[in-house]
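# fold the following for me, if possible:
(chains A and B)
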Amino acid sequence: MAIPKVCGIETEYGIQVVNGDPNPIAASSVLINAYAHDVARQQIGWDFEDEAPGNDARGAAKEGSMPPMVETHLVNTVLTNGARYYVDHAHPEFSSPECSTALEALTYDRAGEAIVVRSMEAADASSHDGSHLVVYKNNSDGKGNSYGCHENYLMDRETPFSRVVGGITPHFVTRQLFCGAGKVGSETAFHDSGTVDFQLSQRAEFFEEQVGLETTLKRPIVNTRDEPHADPHRYRRLHVIVGDANLCEVSTFLKLGTSALVLAMIEDDVSPSRPLALADPVRAIHAVAVDRTFGQPLLMADGSTATALAIQWELYGQARKYADDRGLGCLGPEEVGAQIIDRWEQVLHALETDPSTLARQVDWIAKLQLLEAYRERHGCGWDDPRMAAVDLQYHDLRPSRSLFARLDTETLVSEEAVAAAVTDPPRTTRAWFRGECLKRWPASVATANWDSLVFDLGSDPLRRVPMMDPLKGTAEHVEALLDSCASPAELVDRLSS
Amino acid sequence: MAERELKKKQAPERADEAVDEVPATSAAGEKLKAELDDLLDEIDEVLEDNAEEFVRNYVQKGGE
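Have a look, this model is predicted:
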């Protein structure tokens, strides 16, 4: 049986300084430090002990591969909700805690937005030179520079990686139909300049390979980074770099939920009723992004053709049968699995009949509707800078400026749940242990990372508590233990005895 | 032609249930359209004054 699809989402935000030093690394540091000092009022550092982004899931890395450098000198904090909030290259990044369902991961993705908004407010309040920070939840600057929104899914190590690649590629090429964030124009050599007015996805045109280790150049549709942050003999963490950052909750929910479902089917070796291998996945992902009719036939490896929507229907049909036969327990409580598959069906049906009915659910459709209305009112062309400005400002996270926030989009999680997720960890994964220890004994936690906590109990040496299983350390497992410990020293002693 | 076969095969019985959703979503779509005019007024107010400069100045370093 497929293992529980523990998942998480990491977002690199765009950042801009108005009236000040434009250095994005400095600005990102100011943003995150403002939150740590003025809002969270504590700062626990990240422990780099287990970072090895150069490990390749295919075994040996391809010659010439360029894994990212681990930057240990930049601001890097762990929050009481179990998340990591840090400066990654030249961007602020929020990595959600490990979540046990797509709905929970959506809640923490929204909490990340709330944390960034509070960070901006705190940074601006302490600005002495009249400068202020603006943060965007998007994936490109429109000039050929892209930054990511990555998903992570827990997988069974026994599943051969080649089967993961073959099974998930058709979904990653076509899921942009409901989780693309939309973009005016094009910015890479894949499209002739001036020929594309709008794309479903911000990220699609930045992908150049089907499989690979890189994340910053020659980006692959399936990333092979093999860094499980868990027991490597039992688990794999599929690190997904192909997605867009979404603002519409339904897009985020379906992005996570449908991908987890397809991965579960791959683990259980359920095959589609027809082969879904594309002849050229890279060419296909570019083509799907510029086809608002979803009607363009894509060449399949067996010489037949299929449209992006037909591939989605096929994956959905396979998933419905899988759900009927085996249940969707690996996606969380029954109602979450049902919500994923029912919503998937509704969205595909709406795409087929009238995509405009999804303007409250799907980012690219919400944005397109706004752009078309704007264009009609002002009589401007797609190449008018105001169109690019509307696109950019859709993603502005400031409530006073955000165009997205002015749309009445559908929500799936309550504002109360989001507010709680700003400070509290999910109860259903090891993130609960991490977050609760930080809440209860901040002075005694020296550093933390995904799979361990290091306690400073005032006596040498520091004590490391390993957390090699993402499904242990939940509230159910350890809440009573934590409640019964009078001090962190007692906790560490009892855990090691 | 493989395309057509695929479409026929998918036609899920459950499509009937999904149809129930459509009127509600369409109504919401209509409502949204009616609101678009107000929204456009608001956008004209909040959209950065000099669109060209605003867009030109937004330059990011690649990430990940």
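
# who's residue A:448 bridged to?
Beta-bridge pairing of residue A:448 under DSSP bridges involves residue A:46, residue A:453.

# can you give me every residue that contacts it?
Contact partners of residue A:448, counting by C-beta atoms under 8 Å, 6 or more residues apart in numbering or on different chains, are A:44, A:46, A:47, A:78, A:434, A:437, A:438, A:454. For every residue, glycine as well, the C-beta is placed using N, CA and C.

# using the record's assignment, carve chain A into domains.
For chain A, automatic domain parsing gives the domain ranges A:7-417, A:427-496.

# please identify the deepest-packed of those domains.
Among those, domain A:7-417 has the highest mean neighbour count (mean count of other C-beta atoms under 10 Å in any protein chain shown), at a mean of 20.

# next, the distance between the ends of that domain.
Across its full length, domain A:7-417 reaches 18 Å between end residues, using C-alpha to C-alpha, to the nearest Å.

# kindly report the same for stretch A:227-246.
For stretch A:227-246, the separation between the terminal residues is 25 Å (C-alpha to C-alpha).

# check whether that stretch contacts chain B.
Yes. Contact between stretch A:227-246 and chain B is present through residue A:241 (criterion: C-beta under 8 Å from any C-beta of the partner chain).

# can you check stretch A:209-222 too?
Yes. Part of stretch A:209-222 sits close enough to chain B to count as contact by C-beta under 8 Å from any C-beta, namely A:215, A:216, A:217.

# pLDDT and secondary structure added to the residues you listed, as CSV?
Supplementary listing: the residues of stretch A:209-222 next to chain B in CSV, determined by pLDDT from 0 to 100; DSSP: H, G, I helix; E, B strand; the rest coil:
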residue, pLDDT, secondary structure
A:215, 84, coil
A:216, 82, coil
A:217, 81, coil
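
# quick one: which of these is nearest to residue B:50?
Minimum distance to residue B:50 across the residues of stretch A:209-222 next to chain B is 31.6 Å, recorded for residue A:216 (C-beta to C-beta).

# residues in contact with residue A:79?
Under the criterion of C-beta under 8 Å, 6+ apart, the contact list for residue A:79 reads A:40, A:85, A:115, A:423, A:435, A:438.

# the second one reaches residue A:32, doesn't it?
Which is residue A:85. Yes. Contact criterion C-beta atoms under 8 Å: residue A:85 and residue A:32 qualify, at 5.7 Å.

# just to revisit the earlier point, tell me which of the contacts of residue A:79 fall in helices.
Residues of those located in helices (DSSP state H): A:115, A:423, A:435, A:438.

# of those residues, closest to residue B:58?
residue A:115 (22.3 Å).

# that closest one - nearest residue in space that isn't next to it in sequence?
In this structure, residue A:115 finds its nearest non-sequential neighbour in residue A:422, 5.9 Å apart by C-beta to C-beta, 6 or more residues apart in numbering or on different chains.

# can I get the domains of chain A in a markdown table with distance to residue B:42?
Written out in a markdown table, the entries for these read as follows (distance: least, C-beta to C-beta, whole Å):
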| stretch | distance to residue B:42 |
| --- | --- |
| domain A:7-417 | 6 |
| domain A:427-496 | 38 |
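
# hmm, which helix or strand of chain A has the shakiest average pLDDT?
Lowest by mean pLDDT, DSSP states H and E among the helices and strands of chain A is strand A:44-46, with a mean of 87.

# quick one: residues in contact with that one.
Judged by C-beta under 8 Å, 6+ apart, the contacts made with strand A:44-46 from elsewhere in the structure are A:76, A:77, A:78, A:84, A:86, A:438, A:442, A:445, A:446, A:447, A:448, A:449.

# following that strand, which helix or strand shows up next?
On the C-terminal side of strand A:44-46, the nearest following helix or strand under DSSP states H and E is strand A:76-78.

# so after the longest strand seen in chain A, what's the next helix or strand?
For chain A, the strand reaching the highest residue count under DSSP state E is reported as strand A:149-156. Per DSSP H and E, the first helix or strand lying C-terminal to strand A:149-156 is helix A:161-174.

# for the record, mean pLDDT for that following helix?
Within the predicted structure, the mean pLDDT of helix A:161-174 is 97.

# packing partners for that helix?
Counting by 3 or more C-beta pairs under 8 Å, 6 or more residues apart in numbering or on different chains; DSSP states H and E, the packing neighbours recorded for helix A:161-174 are strand A:207-212, strand A:219-223, strand A:235-240, helix A:249-267, helix A:281-289, helix A:308-326.

# please state the offset of it from the chain centre?
For helix A:161-174, the distance between its averaged C-alpha position and the chain's averaged C-alpha position is 18 Å (C-alpha atoms, centre = their mean, to the nearest Å).

# give me the angle between that helix and helix A:308-326.
Helix A:161-174 runs at 130 degrees relative to helix A:308-326, counting by axes from the mean of the first three to the mean of the last three C-alpha atoms, to 10 degrees.

# so what touches helix A:161-174?
The contact list for helix A:161-174 (C-beta under 8 Å, 6+ apart) reads A:57-58, A:155, A:210-211, A:221-222, A:224, A:236, A:238, A:240, A:242, A:258-259, A:262-263, A:265-266, A:269, A:276-278, A:281, A:284-285, A:288, A:298, A:308-309, A:311-312, A:315.

# before we move on, what about stretch A:328-336?
Contacts of stretch A:328-336 from elsewhere in the structure, counted by C-beta under 8 Å, 6+ apart, are A:1-5, A:100-104, A:257, A:260-261, A:264, A:322, A:327, A:337-338, A:340-341.

# now do the contacts for the nearest residue to residue A:232 once chain neighbours are set aside.
Of all residues not flanking residue A:232 in the chain, residue A:157 sits nearest, at 7.1 Å (C-beta to C-beta, 6+ apart). Residue A:157 makes contact with A:228, A:232, A:233, A:234, A:235, A:236 under the criterion C-beta under 8 Å, 6+ apart.

# could you export those residues as CSV, including pLDDT and distance to residue A:186?
Conversion of those to CSV gives the following (pLDDT from 0 to 100; distance: C-beta to C-beta, whole Å):
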residue, pLDDT, distance to residue A:186
A:228, 95, 36
A:232, 96, 40
A:233, 97, 44
A:234, 97, 43
A:235, 97, 38
A:236, 96, 34
